[in-house]
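# Sharing a sequence plus its predicted fold:
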Amino acid sequence: MPTALPPSPVPVLWGLIAGAAAGTAPMMKHGVAPRLVRTLGACLFVLGQVGNAWCHWELRRLRTEKQALGSSKYFMPTRGPFCYISSPHYTFELVTWLGFCVHNGLDVTGALLWLMSIGAMGAFARDRHAKYLALWKGGQREGVDPATKWIMVPGVW
Amino acid sequence: MGPHRIFQAEWAHRLQVRYPWFGGYASAPLAFAAGRKYADTGLTLLSNITPLLTSGDKSAAAIAAQGLSAQALFTLHFVRRALEVVFVNDYTGTFARDSRLELLYYSASAGLEPILILDSLLAFLHSSP
């Protein structure tokens, strides 16, 4: 069997759960979220999207740089939010789902998606942080000591 | 090269490794649409619980606005991620993980999951409005 959680069904499950809260029936029962709250949630969501995309492009830039140098060494990202957080792309994804939850008026479905995203990405972030610590201890000293960075949630973890 | 590598050609191997991620991300907006379609008439245990912040507005226009914006945000995220899988991400870190059995698992889940998950989840969560 696969050695890691298969990614394929997870976003589909998220889609079903999130969609089941966005139809007419639940909103006819509870009413919609206040417009200001929806706007704030959408802004948080977009902020998360922009930050997440920036991080993915930064990782791509590093890979391209590494290929251009013909290096087999793993380059630790050090720019922007990577200075302070080992996996800021996951941080921004959490902001994305927090924004989705706020957009929906802090509903249980949105909160569940947010918690699921913490669980799903927390394991990846922990592994990534451990990899950076090992690289640093192995003598690859670039940028900031990973031991001084947050793993995924600034101020918390 | 690991013992379970199916495709020797680099492009084919990359496609196999990326497929589960791309398939999941690309399917998510469709799953959202299916869930929303269901929610036009039915509640689930989760959607039956009142959100913390509601305005009390139950007009058709407000409901359509919130439903559409939620769908737009959700779709934006997963379409972006699906495109990034193809054009931005690398996934070489997962190259050693795949196997013939894994490919079979993903292929089966991609074909069956929309039907099985929709059927089982909604049936399990369903409660009367």
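On my side now, so go ahead.
# In contact with A:Lys73, which residues?
A:Lys66, A:Gln140 (Cβ atoms under 8 Å, 6 or more residues apart in numbering or on different chains). Any C-beta I mention is one placed from the backbone N, CA and C, and that applies to glycine too.
# just A:Ala42 next, same as before
Counting by Cβ under 8 Å, 6+ apart, A:Ala42 has contacts A:Gly99, A:His103, B:Ser69, B:Leu73.
# Distance from the chain centre to the helix or strand harbouring it, please.
For A:Ala42, the host element (DSSP states H and E) is helix A:35-69. Mean-position distance between helix A:35-69 and its chain equals 9 Å (Cα atoms, centre = their mean, to the nearest Å).
# Let me see the mean pLDDT of that helix.
For helix A:35-69, mean pLDDT is 93.
# related to what we said a few turns ago, for the contacts of A:Ala42, give me CSV that also has secondary structure.
As requested, the contacts of A:Ala42 are arranged in CSV below (DSSP: H, G, I helix; E, B strand; the rest coil):
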residue, secondary structure
A:Gly99, helix
A:His103, helix
B:Ser69, helix
B:Leu73, helix
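# thought B:Arg81 was touching B:Tyr25?
Yes: here B:Arg81 reaches B:Tyr25: they are 4.4 Å apart, a contact under Cβ atoms under 8 Å.
# how about stretch A:139-157: buried residues?
Using 16 or more other Cβ atoms under 10 Å in any protein chain shown as the test for burial, stretch A:139-157 gives A:Val144, A:Pro146, A:Lys149, A:Trp150, A:Ile151, A:Met152.
# Who are the contact partners of the residue nearest to A:Tyr74 when sequence neighbours are not counted?
Counting by Cβ to Cβ, 6 or more residues apart in numbering or on different chains, A:Tyr74 lies nearest to A:Leu135, which is 6.5 Å off, once chain neighbours are set aside. Residues near A:Leu135 by Cβ under 8 Å, 6+ apart: A:Tyr74, A:Met76, A:Pro146.
# need the helices for the chain, in chain order.
Reading this off chain A. Counting by DSSP state H, residue ranges of the helices within chain A are A:9-19, A:24-30, A:35-69, A:88-103, A:108-137.
# Not quite, go with chain B.
B:10-39, B:60-87, B:100-125.
# quick one: which of the contacts of A:Ala42 is nearest A:Trp14?
For these, the closest approach to A:Trp14 (Cβ to Cβ) belongs to B:Leu73, at 12.5 Å.
# Counting neighbours, what do you get for that closest one?
Counted by other Cβ atoms under 10 Å in any protein chain shown, the residues lying close to B:Leu73 total 23.
# list the contacts for it?
A:Ala42, A:Phe45, A:Gly99, A:Phe100, A:His103.
# Let me know the distance separating the first one from A:His30.
When Cβ to Cβ, to the nearest Å is the yardstick, A:Ala42 and A:His30 sit 19 Å from each other.
# Perfect, I'm done here.
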